[in-house]
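1. need a structure here:
(one chain, ligands or ions: 1)
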Amino acid sequence: MTLTVRDSLDQPTFEHDYLASLNAEQRAAVEHGGGKVAGPLLVIAGAGSGKTNTLAHRVAHLIVNGADPRRILLMTFSRRAASEMTKRVERIAARVMGDKAATLTKGLTWAGTFHAIGARLLRDYALKIGLDPAFTIHDREDSADLMNLVRHELGLSKTESRFPAKGTCLAIYSRVVNAQSDLKTVLAKSFPWCIGWTAELKELFAAYVDAKQAQNVLDYDDLLLWWAQMCAEPAIAEHLSGRFDHILVDEYQDTNRLQESILLALKPDGTGLTVVGDDAQSIYSFRAAEVRNILDFPIRFPEPARVVTLERNYRSTDAILNAANAVIAEAAERFTKNLWTERRSAEKPLLVTVRDEAEQASYVAEHVLEAREEGFALKQQAVLFRASHHSGPLEVELTRRNIPFVKFGGLKFLDSAHVKDVLAVLRFAENPKDRVAGFRVMQLLPGIGPSAAASAMEAMERALDPVLGLQFFRAPARAEADWPGFVELFSSLRSRSGWPSDLEHVRLWYEPHLERIHEDATTRRADLLQLEQIAAGYPSRERFLTDLTLDPPEATSDKAGPPHRDEDYLILSTIHSAKGQEWTKVFVLNAVDGCIPSDLAVGEREEIEEERRLLYVAMTRAKDSLHLITPQRFFVHGQAARGDQHVYASRTRFITDAMLELFSQIFWPPPMADHGGQPPHPTVRVDLKARMRSMWR
Ligand SMILES: Nc1ncnc2c1ncn2[C@@H]1O[C@H](COP(=O)(O)OP(=O)(O)OP(=O)(O)O)[C@@H](O)[C@H]1O
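-> Residues are numbered from 1 along each chain as shown. As a prediction, this is how the structure comes out:
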């Protein structure tokens with residue numbers, strides 16, 4: 001591609017002011033440095049203040065002013081955010097540059113998540129850092145499986161008192177890496193019940209690292225860790241840094257220590273660095289996100305960063321903002337900002353008391369339908385909750401009433417066993433050393449258990465070519481019927497590059513197994529066909545596997561039947577997955593202590609602070625109407641000592657008595673409500689039991 005626009009743009013003459021739609025602060029952020037490489041910039045962007053809009057304008061502004069798009073690194077929280085941003089940049093630039101904008105923005109190839117960019121750079125520099133560029137990437141579940149394998153090999157699964165489970169081991173490992181902390185500190189702070197195992201954990205992690213290296217796999221954390229380590233080498237850091245004139249990072253409040261260290265290594269004095277975020281929306285500390293990154297950004301450099309604060313909110317009414325501002329005003333530490341808006345409304349957010357979760361579900365269903373009658377599509381309405389399982393009773397109610405919905409943030413499409421099976425086959429073909437993938441695939445065959453799979457893997461390692469290793473491996477008698485088909489599949493996937501038809505090839509091989517293993521094979525087959533469609537959008541097997549592992553598509557839980565794309569459906573989402581989105585009407589379930597804040601997070605002050613921010617994020621998603629629902633009692637299942645029982649809940653502590661005037665409080669159903677044409681219950685009480693007894697006396 002040739003980029004010739006620069007010459008004609010040395011003295012840009014704009015036909016119209018393409019930044020005119022921005023407010024003064026947005027414009028200041030966009031124009032910082034006058035379109036040239038400049039000192040560090042921090043944009044503190046309140047909820048709904050046009051952060052995405054501002055960042056997109058900034059990138060467009062740089063390009064319009066001659067920046068080479070191939071030398072711009074743009075890091076976002078998800079792949080979708082990156083592609084939306086790129087499209088937006090193109091639209092903005094097109095206003096000034098016409099068709100040239102499309103050519104230029106195509107050059108914006110370094111846009112993606114930290115992890116995806118890390119994976120690309122590591123493949124690029126692999127040979128310089130002793131890495132085989134054909135590495136495959138383990139998602140969390142694969143990593144936990146490998147951790148388990150190693151734990152087993154070290155005999156730690158057979159200890160007398162119980163050694164931490166694989167998931168806990170991985171969580172500890174991951175936190176040490178991402179928080180750039182040491183094992184002792186992490187154990188003391190976050191996993192105190194594991195302190196007695198410090199020495200064994202250390203041994204386990206060392207063996208886990210060895211196993212990953214032997215198998216040529218990287219886990220999520222490695223993508224950042226290797227990148228950071230690579231940057232610690234001055235010659236490589238300098239080379240890498242020299243590739244990018246501008247580095248822009250979105251959602252900076254959710255980056256962790258490791259990500260910060262990468263940025264600082266790339267741009268030690270902050271030149272060309274722009275980060276955008278909102279400390280009040282930092283909600284990912286469970287992934288070791290560090291709110292201090294954004295709080296301390298201005299003082300990280302020899303010359304302090306410029307700070308621009310966006311306070312004007314374009315999303316919500318003033319009544320909603322007043323309530324949200326009040327909630328976040330109680331936060332212990334923050335960049336002070338008070339969101340304001342010109343959108344006036346007398347409709348205060350509702351604080352709705354219901355008796356229990358069943359009534360909560362009825363409340364939502366009735367109001368959603370009512371709103372639809374008034375002309376609000378289901379898609380303009382969302383129901384948000386702290387934990388994925390909180391929506392259970394509501395999902396049942398929606399299904400009963402035939403209200404279609406799509407749920408975000410629960411089980412991911414890619415987490416389902418059949419999708420993982422198929423992906424494991426592809427991964428194994430891509431990297432035959434990947435034991436987790438190999439084990440999974442081979443054990444799909446009847447007659448192959450862990451020990452036969454291990455022997456087959458060893459045979460592959462010993463052989464000159466893994467395909468030969470498999471061909472000469474004597475499979476157990478029970479597997480004889482299926483083994484040749486598997487070997488044939490593996491060797492054809494290794495030898496030919498038939499992307500994306502590889503996936504169909506794998507599915508055809510997998511289908512008989514699918515039918516044998518799962519009762520609902522038909523629905524699962526539909527998922528695999530969908531996976532084939534997704535695959536068609538990727539240029540190669542490697543890109544497909546990498547991108548899908550790093551940023552899997554959100555799943556839909558569709559008990560009411562999968563809605564088609566153009567159909568209308570209600571959004572159900574965890575608060576975490578609702579980040580960055582907005583709806584006309586928002587219902588927040590379970591605004592009670594124990595749910596927000598979660599009862600898992602009531603220990604440390606920092607955890608409570610994060611729960612407060614979660615409520616803030618939920619509230620600031622609403623444009624016109626916000627309902628916070630507080631069920632008074634919950635049914636709790638099978639708690640060890642007490643069995644099933646009701647527990648009573650109280651309003652979330654984040655809405656204090658002093659804030660109540662900012663809400664309209666209602667009880668639902670209203671005491672005298674007409675229940676769907678039924679008369680209210682009579683107030684008399686009769687003792688029928690006594691009457692029954694008296695019949696026989
Ligand atoms: N200058 C502007 N004039 C009018 N509307 C604007 C302007 N800037 C942004 N908006 C609108 O404000 C809304 C919020 O913008 P955006 O989604 O970019 O916010 P955000 O800061 O990313 O929000 P959050 O951080 O809460 O997710 C959008 O509907 C957008 O179109």
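2. for the ligand, what are the nearby residues on this protein?
-> Contacts of the chain with the ligand, taken as Cβ under 6 Å from any ligand atom, map to 21-23, 26, 45, 47-53, 278, 281, 314-315, 580, 620. All C-beta spots, glycine's among them, are computed from the backbone N, C-alpha and C.
3. hmm, try it at 5 Å
-> 22, 45, 47-53, 314-315, 580 (Cβ under 5 Å from any ligand atom).
4. Tell me the secondary structure of the most centrally placed residue in the chain, please.
-> Within the chain, one residue has its C-alpha closest to the average C-alpha position: by Cα atoms, centre = their mean, that is Ser577, at 6.4 Å. Assigned with DSSP: H, G, I helix; E, B strand; the rest coil, Ser577 falls in the helix class.
5. Now do it, the pLDDT please.
-> Note for Ser577: predicted pLDDT of 86.
6. That one contacts Ser391, doesn't it?
-> No - contact criterion Cβ atoms under 8 Å: Ser577 and Ser391 do not qualify, at 11.8 Å.
7. What's the separation between the residue nearest to Leu108 when sequence neighbours are not counted and the ligand?
-> Of all residues not flanking Leu108 in the chain, Pro69 sits nearest, at 4.4 Å (Cβ to Cβ, 6 or more residues apart in numbering). Separation of Pro69 from the ligand (Cβ to the nearest ligand atom, to the nearest Å): 21 Å.
8. For Pro69, the count of nearby residues, please.
-> 24 (other Cβ atoms under 10 Å).
9. Could you do the one 10 residues further on as well?
-> By other Cβ under 10 Å, the residues close to Arg79 number 19.
10. Wait, it touches Ala111, no?
-> No - Arg79 sits out of contact with Ala111 when judged by Cβ under 8 Å, with a separation of 9.1 Å.
11. Helix, strand or coil: sort out the closest residue to the ligand within the stretch 251-400 of the chain for me.
-> Residue nearest to the ligand within the stretch 251-400 of the chain (Cβ to the nearest ligand atom): Tyr314, separated by 3.1 Å. Of the three states, Tyr314 takes coil according to three-state DSSP.
12. Tell me the strands beside the longest strand anywhere in the chain, with direction?
-> If you go by DSSP state E, the chain has its longest strand at strand 622-639. Using DSSP bridges, strand 622-639 pairs in its sheet with strand 350-356 (parallel), strand 583-588 (parallel), strand 643-648 (antiparallel).
13. Ok, which of the ones you listed comes nearest Met442?
-> Closest approach to Met442 among these is made by strand 643-648 (42.1 Å; Cβ to Cβ).
14. Can you name every helix or strand that the helix or strand following the closest one contacts?
-> Next in sequence after strand 643-648, counting helices and strands by DSSP states H and E, comes strand 664-667. Contact here means 3 or more Cβ pairs under 8 Å, 6 or more residues apart in numbering; DSSP states H and E; on that basis strand 664-667 packs against strand 350-356.
15. Can you give the contact residues for the strand it packs on?
-> Strand 350-356 has contacts (Cβ atoms under 8 Å, 6 or more residues apart in numbering) with 360, 363, 591, 625-635, 651, 655, 660, 663-668.
16. which of the residues of the chain next to the ligand lies closest to Ile299?
-> Checking these one by one against Ile299 (Cβ to Cβ), the nearest turns out to be Ala45, at 19.5 Å.
17. what's the closest non-adjacent residue to that closest one?
-> Per Cβ to Cβ, 6+ apart, closest to Ala45 is Lys51, 3.6 Å.
18. and the one you found, how far is that from Val441?
-> With distances taken as Cβ to Cβ, to the nearest Å, Lys51 is found 43 Å from Val441.
19. Between the two, which has more neighbouring residues?
-> Val441 (26 against 23).
20. wait, what's in contact with that one?
-> 421, 424-425, 428, 486.
21. Output the residues you listed as CSV; include the columns distance to Arg140.
-> Shown next, in CSV, are those (distance: Cβ to Cβ, whole Å):
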residue, distance to Arg140
Asp421, 17
Ala424, 15
Val425, 20
Phe428, 19
Phe486, 27
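22. Please produce JSON lines containing those, extended by distance to Glu333, secondary structure and neighbour count.
-> Formatted as JSON lines, these follow (distance: Cβ to Cβ, whole Å; DSSP: H, G, I helix; E, B strand; the rest coil; neighbours: other Cβ atoms under 10 Å):
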{"residue": "Asp421", "distance to Glu333": "47", "secondary structure": "helix", "neighbour count": "20"}
{"residue": "Ala424", "distance to Glu333": "45", "secondary structure": "helix", "neighbour count": "21"}
{"residue": "Val425", "distance to Glu333": "49", "secondary structure": "helix", "neighbour count": "25"}
{"residue": "Phe428", "distance to Glu333": "48", "secondary structure": "helix", "neighbour count": "26"}
{"residue": "Phe486", "distance to Glu333": "57", "secondary structure": "helix", "neighbour count": "21"}
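23. Report how many residues lie close to the closest residue to Ile72 other than its chain neighbours.
-> Spatial nearest neighbour of Ile72, excluding adjacent residues (Cβ to Cβ, 6+ apart): His246 at 4.8 Å. For His246, the count of nearby residues is 24 (other Cβ under 10 Å).
24. which phi and psi does His246 have?
-> Torsion angles at His246 (phi, psi; degrees, to the nearest 10) stand at phi -130, psi 130.
25. any idea where the helices of the stretch 401-550 of the chain begin and end?
-> For the stretch 401-550 of the chain, helices defined by DSSP state H, counting those that start in this stretch occupy the ranges 417-430, 435-442, 450-462, 466-471, 483-495, 501-517, 521-535, 541-550.
26. Dump the shortest one to PDB, restricted to CA.
-> Put plainly, it is helix 466-471. C-alpha atoms of helix 466-471 as PDB (Å, rounded to 0.1, in the frame of the first residue of the first chain):
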ATOM      1  CA  PRO A 466       4.600 -36.200  14.800                       C
ATOM      2  CA  VAL A 467       2.400 -37.600  12.100                       C
ATOM      3  CA  LEU A 468       4.600 -40.600  11.700                       C
ATOM      4  CA  GLY A 469       4.600 -41.000  15.500                       C
ATOM      5  CA  LEU A 470       0.900 -41.300  15.400                       C
ATOM      6  CA  GLN A 471       0.800 -43.600  12.400                       C
END
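27. for it, the distance to its chain's centre please.
-> 38 Å (Cα atoms, centre = their mean, to the nearest Å).
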